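In: got a predicted structure here, sequence first:
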Amino acid sequence: MLPGSSVTDTRRRRARLIAAVAIPSAAFLVVSLLGASAALSGTNELTVPGTGITTTLRTVLLAAFSLQLGEAAANRLARTVPDAPESTPRSWALAAALAGVAAAAGQIVVLAGDGSLAAGLFSGDIVDTYATRPGALALLEANGFLFSAVCVALRRPALASAPLALVAVGEALRAHPEADSPLLGSLLTLIHLSAAALWAGGLVHVLRTIRLWRG
């Protein structure tokens, strides 16, 4: 094989990888930012301020939670495969944890700005937002991701999953603020969210691992 052809193949693979990431990401941003307002258009239903940016931030947060938790579970599962290669895909744990911190902190800013991210950045009510239930839960989740990022940075991957329990608890309490059945509803959400995150994030990491082993 000529040297020029190998360089061309590398560039093509890189371009396909960029396109595979960029196109779904662009579609996700369009749907999350404009989907709610488009669905409510002409229905005479009231729109909640900041629906688009909140949807985007919460999707990033749940994706970061799933990727990090699934990677830890899939790596442990891979070690039980007989005669499996020792190589593992490059870890996404630190990037996912930092994305989770940013998404959780962004929700606090949006709350402080009454649905506007730009207004929240220059608002003096961010500290007061911590006193509200949504603000306190978002802060709890941000701290969970932050502690997890510190564990990953210190090369303690076995401990990195423990702080994610704060994220799961925060989401479980956020989903059931009513007074009728808060304990039962939060418990069911905690179980459902953990199982879904393990499945989705674990599937992504398993596919990455299989691709690496085949290569």
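Out: Perfect, thanks for sending it. Everything numeric in this text was worked out from a predicted model, so none of it was measured.
In: Ala105 versus Ala112, what's the distance?
Out: 11 Å (C-beta to C-beta, to the nearest Å). Placement of C-beta: from N, CA and C, glycine included.
In: between those two, who's got more neighbours?
Out: Shown here are Ala112 and Ala105; by other C-beta atoms under 10 Å, Ala112 has more neighbours (23 against 18).
In: contacting residues around that one?
Out: Contacts here follow C-beta atoms under 8 Å, 6 or more residues apart in numbering; on that basis Ala112 touches 119-120, 123, 125-126, 128-129, 135.
In: does Ser87 sit in a helix, a strand or a coil?
Out: Recorded secondary structure, Ser87: coil (DSSP: H, G, I helix; E, B strand; the rest coil).
In: still on that earlier bit, possible to save the contacts of Ala112 as JSON lines with pLDDT and neighbour count?
Out: JSON lines is the format used below for those (pLDDT from 0 to 100; neighbours: other C-beta atoms under 10 Å):
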{"residue": "Ala119", "pLDDT": "67", "neighbour count": "16"}
{"residue": "Gly120", "pLDDT": "70", "neighbour count": "22"}
{"residue": "Ser123", "pLDDT": "71", "neighbour count": "17"}
{"residue": "Asp125", "pLDDT": "71", "neighbour count": "15"}
{"residue": "Ile126", "pLDDT": "75", "neighbour count": "17"}
{"residue": "Asp128", "pLDDT": "77", "neighbour count": "12"}
{"residue": "Thr129", "pLDDT": "80", "neighbour count": "21"}
{"residue": "Gly135", "pLDDT": "87", "neighbour count": "19"}
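In: which parts of the helix or strand where Glu71 lies are buried?
Out: Using DSSP states H and E, Glu71 sits in helix 51-78. Buried positions in helix 51-78, judged by neighbour count with 16 or more other C-beta atoms under 10 Å: 51-58, 60-75, 78.
In: same question, stretch 165-175
Out: For stretch 165-175, by 16+ other C-beta under 10 Å, it's 166-174.
In: out of the contacts of Ala112, flag the one nearest to Ala93.
Out: The nearest member of those to Ala93, counting by C-beta to C-beta, is Gly135 at 26.5 Å.
In: what helix or strand does that closest one sit in?
Out: Element membership for Gly135 (DSSP H and E) is helix 133-153.
In: what's in contact with that helix?
Out: Under C-beta under 8 Å, 6+ apart, the answer for helix 133-153 is 61, 64, 68, 91, 93-94, 97-98, 100-101, 104-105, 107-108, 111-112, 129-130, 157, 159-167, 169-171, 173-174, 177.
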